[in-house]
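Visitor: mind looking at a prediction? Sequence and model below.
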Amino acid sequence: MTLFHAKGFTMHSTRFSLAASAFLIGAVGANSYAADKTLYEQAPPEQKALFDRAKPKIIAEAKEPGKILGKTGEEYFWVMSARMLPLLKAYRYTHDPEYLELYVPIQEQILSQRYIHPTKPEYNGWYEYDAKGDKMFQHVALIDHDTILYFVPVLMFVQEVRADPALKEKYGGKAEAWLKDVEASIRAWDKRGCYQDFPDGSGWYHSMTVYPDPKTGELKKLDSIGAGGTVPYNKVHALFEALTLAYRITGDPWYTTRMEKCSKFFKKHWREDDKHVEWNYRDHAFPGDYKSGVLGQGEALTGAFVHPKGGYYQLDAEGITNAYDLNIVYTKEDIEKLLKTNLEFMFTGDATDPKFKKIDGTVDKSGKYNYIGRLWTALAHFSPKTRELWKAQIDKNGGKGWMSWGDELDYLLEVSQPVSWDRRYVPAASK
């Protein structure tokens with residue numbers, strides 16, 4: 001179970017797993033609308049019961065008052081995203097229009113709090129949340145914030161609307177307008193100068209160096225230790241979800257090319273032995289990573305290390321799985337290495353109450369729940385054992401805890417598909 005960590009806030013990301021988002025709409029595909037039964041109707045009784053337990057919680061959470069950006073910390077992005085994604089997943093599972101009726105006003109309320117630049121739309125975004133005096137978050141827009149709050153839910157919505165004539169009649173204009181803006185907003189990070197190609201054919205993102213003054217729109221230097229520094233792997237892998245969905249909606253190879261270049265950058269930083277693979281939270285790739293302002297010269301401003309928060313690595317596994325499903329960079333052998341890492345090297349052995357070491361094989365002595373490894377549920381695509389351990393975690397949790405229903409939905413959507421090495425988003429004739 002992945003954990004997202006905002007300042008003073010912790011959240012289970014497999015409980016609204018981004019990797020499930022592309023699969024949940026696209027794996028079955030638009031042709032599913034011609035099927036006689038929904039996924040819920042096809043499910044065995046135990047799985048129907050699990051959904052029935054989750055349903056009232058999904059609806060109750062969606063009906064909570066919308067949070068106000070300027071009065072909320074960084075958790076704003078995780079909380080609001082976590083209200084929307086289960087609605088879209090529940091719709092995918094049941095085709096009950098109530099879930100979309102609840103989703104749309106939440107997304108509209110979020111968009112009403114978006115900063116709109118008077119002359120430079122590439123700087124539109126969500127900047128002015130309550131940073132509580134922390135310069136790391138003051139006036140900072142982050143690519144994963146845009147992804148989970150806007151890109152992914154809108155793209156999920158667009159796929160559903162385009163696939164059903166009745167939804168298209170009701171929501172088509174809104175969906176297409178949002179799609180156009182999301183496509184521009186994904187590319188806005190390039191226009192802000194936050195992406196760079198490298199000579200070896202790879203590429204990666206760095207964080208913003210300026211921000212728009214909320215009163216005047218003037219671009220001002222961002223006073224943050226992270227300004228211009230390499231974006232951590234988990235944040236770009238979150239973006240992969242949006243790139244996957246956008247490609248599958250539009251067919252534009254820009255999205256898969258971007259995933260390919262970033263996957264090459266990431267994979268070349270793997271460290272392997274005969275038992276596992278591991279990687280850092282980030283690796284320094286830009287002048288903004290160094291106090292000197294010169295790439296590779298002197299002391300770095302931020303660390304390059306295995307992060308103690310194991311949930312970040314679940315997002316990496318999700319990004320890898322998305323790329324694999326589009327036949328980008330990763331091979332079956334690569335996935336097998338990840339399975340061995342998670343299910344043998346990290347797994348501590350109790351199948352009824354699964355627990356995991358961190359990706360480097362260590363165990364945090366503080367006892368903090370955040371600082372442990374996670375089951376990489378994205379690998380349930382390939383592994384019966386991952387599915388068994390996932391179900392054991394759900395049973396152990398018993399539907400308790402905030403957003404437990406998101407994890408349950410992800411599980412139900414995953415197990416509606418067979419375990420397979422198929423690349424889910426590649427046409428059969430191309431495999």
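Guide: Arrived safely. Numbers count the residues shown, from 1 in each chain.
Visitor: in stretch 216-235, what's buried?
Guide: By neighbour count, with 16 or more other Cβ atoms under 10 Å as the criterion, the buried positions of stretch 216-235 are 219, 222, 224, 226-235. C-betas here are computed from N, CA, C, even on glycine.
Visitor: same check on stretch 388-401?
Guide: Buried residues in stretch 388-401 (16+ other Cβ under 10 Å): 389-394.
Visitor: could you do stretch 417-424 as well?
Guide: 417, 423-424.
Visitor: for those, which one is nearest G293?
Guide: G293 has its nearest neighbour among those in R423, at 42.1 Å by Cβ to Cβ.
Visitor: how near is the closest one to L339?
Guide: Distance of R423 to L339, given as Cβ to Cβ, to the nearest Å: 16 Å.
Visitor: how many neighbours does K275 have?
Guide: Counted with other Cβ atoms under 10 Å, the neighbours of K275 add up to 11.
Visitor: flag the shaky bits of the stretch 101-250 of the chain, pLDDT-wise.
Guide: Residue ranges of the stretch 101-250 of the chain with pLDDT under 70: none are present.
Visitor: show me where it has its strands.
Guide: Assigned by DSSP state E, counting those that start in this stretch, the stretch 101-250 of the chain shows strands spanning 195-197, 203-205, 210-212, 219-221.
Visitor: what's in contact with the last one?
Guide: Read that as strand 219-221. Outside of strand 219-221, the residues within contact range by Cβ atoms under 8 Å, 6 or more residues apart in numbering are 120, 123, 139, 209-213, 227.
Visitor: got it, and the third one?
Guide: Contacting residues not belonging to strand 210-212 are listed as 115, 117, 120, 123, 127, 139-141, 192, 218-222 [Cβ under 8 Å, 6+ apart].
Visitor: in TSV: those residues, plus distance to L87.
Guide: Output for the contacts of strand 210-212, formatted as TSV (distance: Cβ to Cβ, whole Å):
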residue	distance to L87
Y115	25
H117	30
K120	33
Y123	29
Y127	26
H139	31
V140	28
A141	25
R192	30
E218	38
L219	36
K220	37
K221	39
L222	34
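Visitor: E108: which of those residues is nearest?
Guide: Nearest to E108 out of the contacts of strand 210-212 is Y115 (Cβ to Cβ; 16.1 Å).
Visitor: ramachandran angles for L39?
Guide: Note on L39: its backbone torsions stand at phi -60, psi -40 [degrees, to the nearest 10].
Visitor: and for K120?
Guide: Dihedral angles for K120 - degrees, to the nearest 10 - are phi -120, psi 90.
Visitor: isn't it up against E218?
Guide: No: contact between K120 and E218 fails when scored by Cβ atoms under 8 Å: they sit 10.4 Å apart.
Visitor: what would the contacts of strand 219-221 look like in a markdown table with distance to T257?
Guide: Below are those laid out as a markdown table (distance: Cβ to Cβ, whole Å):
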| residue | distance to T257 |
| --- | --- |
| K120 | 25 |
| Y123 | 24 |
| H139 | 31 |
| T209 | 25 |
| V210 | 27 |
| Y211 | 28 |
| P212 | 29 |
| D213 | 34 |
| A227 | 27 |
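Visitor: contacts only, for E183.
Guide: Contacts for E183 (Cβ under 8 Å, 6+ apart) come out as 246, 250.
Visitor: state the distance from it to I148.
Guide: Going from E183 to I148 by Cβ to Cβ gives 17 Å.
Visitor: the helices in the chain, which residues?
Guide: Ranges of helices in the chain, per DSSP state H, are 18-26, 39-42, 45-62, 75-94, 98-112, 143-146, 152-163, 165-191, 233-250, 253-267, 311-325, 332-340, 384-397, 404-415.
Visitor: out of these, nearest to D134?
Guide: D134 sits nearest to helix 75-94 of all the helices of the chain, at 13.2 Å, using Cβ to Cβ.
Visitor: and S207, what are its phi and psi?
Guide: Dihedral pair for S207: phi -80, psi 170, per degrees, to the nearest 10.
Visitor: and it, how many residues sit next to it?
Guide: For S207, the count of nearby residues is 23 (other Cβ under 10 Å).
Visitor: ok, now which ones touch it?
Guide: Contacts of S207 (Cβ under 8 Å, 6+ apart): 140, 142, 194, 224, 226-231, 288.
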